[in-house]
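K.L.:
Got a sequence here, can you build the structure:
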Amino acid sequence: MFLEYQLQAHGEDAMVALGRKFGQALGAVGEGATIFLKGDLGMGKTTFTRGVMSYFGHLGATKSPTYTLVEPYQFAQQKLNHFDLYRLGNPEELDYLGIRDYFDGKAINVIEWPEKGLGYLPHADVVVTIHTLERGRTLTFLAKTSRAEAILQGMQQ
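P.N.:
Now for the predicted structure:
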């Protein structure tokens, strides 16, 4: 059984802060990872990703790559690819994108709507599922690998 961890975020600033904390835990592990972000439209997946990227040095807005499918970022110490597969018509389209080139074991790959790419995406290290609360969001982090367990343990410190 892999580690599961739950947190709540009340508002956009809290969601960014949780993303930043998650980014810090990712950075402490020092290797790439594949992160699946699940949740309905408007749950804050891109806002959470903005927090992750802010830890690595990204300033300003984070655009959702809804139409381009992927937005690559190179930071001083880390490469991060932000995927949004919401508009993907068929998982086979990922082959045209050169999807395998992004998963080199060194980059962090954050993937919104991963269910749209089933069969073409590698397995996730961490699955983050975002649900609505009356006021805010609940984020459930599920570690799927031993490396992911180290990431989630880093978040608890």
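K.L.:
Could I get the full set of helices for the chain?
P.N.:
12-29, 45-55, 93-97, 146-155 (DSSP state H).
K.L.:
Generate TSV for these, with distance to I35 as supplementary columns.
P.N.:
Bear in mind the C-beta positions are built from the backbone N, C-alpha and C, glycine included. TSV is the format used below for the helices of the chain (distance: least, C-beta to C-beta, whole Å):
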stretch	distance to I35
helix 12-29	8
helix 45-55	8
helix 93-97	17
helix 146-155	9
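K.L.:
Just name the most buried of these.
P.N.:
helix 45-55 (a mean of 24; mean count of other C-beta atoms under 10 Å).
K.L.:
Contact partners for the closest residue to V52 other than its chain neighbours?
P.N.:
Among residues not flanking V52 along the chain, G23 sits closest, at 3.9 Å (C-beta to C-beta, 6 or more residues apart in numbering). Applying C-beta atoms under 8 Å, 6 or more residues apart in numbering to G23 gives the contacts 51-56.
K.L.:
Next: M15.
P.N.:
M15 neighbours (C-beta under 8 Å, 6+ apart): 9, 44, 47-48, 51, 137.
K.L.:
for G11, same thing?
P.N.:
Counting by C-beta under 8 Å, 6+ apart, G11 has contacts G136.
K.L.:
Can you tell me how far the residue lying closest to T145 once chain neighbours are set aside is from G136?
P.N.:
Closest residue to T145 apart from its sequence neighbours, by C-beta to C-beta, 6+ apart: D125 at 4.8 Å. The spacing between D125 and G136, counted by C-beta to C-beta, to the nearest Å, is 26 Å.
K.L.:
So which of these two has more stuff around it?
P.N.:
D125 (26 against 14; other C-beta atoms under 10 Å).
K.L.:
Give me the phi and psi for that one.
P.N.:
Main-chain dihedrals, D125, degrees, to the nearest 10: phi -80, psi -50.
K.L.:
Need the pLDDT of it.
P.N.:
Turning to D125, the model gives it a pLDDT of 95.
K.L.:
same thing with G136?
P.N.:
So, for G136, pLDDT stands at 88.
K.L.:
For the chain, which segments count as strands?
P.N.:
Under the criterion DSSP state E, the chain contains strands at 4-9, 33-38, 70-74, 79-84, 108-112, 126-133, 136-143.
K.L.:
Point out the most buried one among those strands.
P.N.:
strand 108-112 (a mean of 26).
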